[in-house]
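A.B. asks: Mind looking at a prediction? Sequence and model below.
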Amino acid sequence: MAEKLMGKDVAAAIKENLKAQVAEIKAQGVVPKLGIIRVGARPDDLYYEGGAKKTAESIGIDFEVFEYAEDISQEAFEKAVQEINGRKDVNGILMFSPLPKHLNESKIRELISPDKDVDSLTLGSAAKVFVGDKTGFPPCTPQAVMEILHHFEIPLQGRKAVILGRSLVVGKPLAMLLLGDNATVTICHSKTQDLPGVCREADVLIAAVGRAKMVKADYVKAGQVVIDVGINEDPDNPGKYCGDVDFQAAEGIVDKITPVPGGVGSVTTAVLCKHTVLACKMQNQL
């Protein structure tokens with residue numbers, strides 16, 4: 001059976017490292033702070049917000065939630081985001097999306113400074129990630145994938161990495177991060193021919209397509225490392241969640257695999273806090 005790559009182990013290591021960094025920062029009279037912008041009260045936003053607050057508290061960084069009514073006007077929301085962005089005590093900003101349809105989200109995203117954009121919402125942050133500028137913050141999910149690969153010392157240099165999914169949130173930035181570690185990267189999508197065959201060629205297969213249990217036994221091979229980014233309602237177990245990988249089908253074949261839940265999703269809030277601490281250090285030249 002495959003070794004399970006548990007996200008909690010990775011998150012714990014990140015948090016221990018951050019606690020030491022935060023203590024050093026506080027000793028210099030500065031407290032890192034995360035600003036969370038939320039419009040409305042969608043259950044998935046509230047769930048992630050709760051996790052982010054819990055992680056921030058555990059490592060000693062401050063946070064503030066800026067909550068707005070779902071019917072807030074474009075003008076009022078723009079003004080609010082500009083004010084938050086201008087606050088010197090807020091080092092990192094997380095804004096939940098999608099925003100309500102009457103709001104121009106593209107315009108609002110660009111009101112956040114790239115140096116506070118800790119989840120890569122802006123074009124400026126995305127550009128930094130794509131050119132390999134280390135002062136840019138990748139989206140938290142692909143960075144969480146990289147943290148897992150590094151924590152478990154999965155070799156990437158010269159290895160074949162196949163990404164299932166080409167979204168701007170996961171697939172494309174993840175490809176840039178893997179290239180930064182000298183992996184040979186292939187991005188697959190709905191038009192890819194012989195999808196199972198391409199996936200079987202991978203040394204590291206990353207599923208980020210958003211379809212429950214799509215990756216079956218014919219997509220994987222012995223010796224492979226499989227990272228499952230998907231979080232979907234389990235069609236076979238109502239009320240439960242599953243990944244993009246059919247875990248039961250793959251577990252007996254591959255070498256290592258992340259579970260869902262308990263894998264990538266367990267690491268994202270730790271990455272969010274890591275980015276906020278780094279943003280604080282850069283803004284204060286610490």
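C.D. replies: Perfect, I can see it now.

A.B. asks: contacts, neighbours, all on C-alpha from now
C.D. replies: Will do.

A.B. asks: what comes up buried for stretch 127-137?
C.D. replies: By neighbour count with 16 or more other C-alpha atoms under 10 Å, stretch 127-137 contains the buried residues Ala127, Lys128, Val129, Phe130, Gly136, Phe137.

A.B. asks: which residue is nearest the middle of the protein?
C.D. replies: Nearest residue to the geometric centre of the chain (C-alpha atoms, centre = their mean): Thr141, 1.5 Å.

A.B. asks: Kindly provide the distance from that residue to Ala217.
C.D. replies: If you measure Thr141 against Ala217 using C-alpha to C-alpha, to the nearest Å, the figure is 25 Å.

A.B. asks: just checking, next helix/strand downstream of the helix or strand hosting Asp9?
C.D. replies: When secondary structure is defined using DSSP states H and E, the element that contains Asp9 is helix 7-26. Read in the C-terminal direction, the helix or strand following helix 7-26 is strand 33-39, with elements assigned using DSSP H and E.

A.B. asks: Confirm the residue nearest to the centre of the chain sits in a helix?
C.D. replies: Yes: counting by DSSP: H, G, I helix; E, B strand; the rest coil, Thr141 is found in a helix.

A.B. asks: residues touching it, list them.
C.D. replies: For Thr141, the contacting residues are Val169, Val170, Val229, Val264, Gly265, Thr268, taking C-alpha atoms under 8 Å, 6 or more residues apart in numbering as the criterion.

A.B. asks: what's the neighbour count on the closest residue to Asp218 other than its chain neighbours?
C.D. replies: Sequence neighbours aside, Pro196 is the residue nearest to Asp218 in space, at 6.1 Å (criterion: C-alpha to C-alpha, 6 or more residues apart in numbering). For Pro196, the number of neighbouring residues by other C-alpha atoms under 10 Å comes to 15.

A.B. asks: again with Lys4
C.D. replies: Counted with other C-alpha under 10 Å, the burial measure for Lys4 works out to 15 neighbours.

A.B. asks: Contact partners for it?
C.D. replies: The neighbourhood of Lys4, defined by C-alpha under 8 Å, 6+ apart, consists of Lys256, Ile257, Thr258, Pro259.

A.B. asks: separation between it and Gly158?
C.D. replies: Using C-alpha to C-alpha, Lys4 is found at 24 Å from Gly158.

A.B. asks: got it, and Leu164?
C.D. replies: 19 Å.

A.B. asks: Quick check on the two: which one has the bigger neighbour count.
C.D. replies: Neighbour tally, Leu164 and Gly158, criterion other C-alpha under 10 Å: the higher count belongs to Leu164, 27 against 13.
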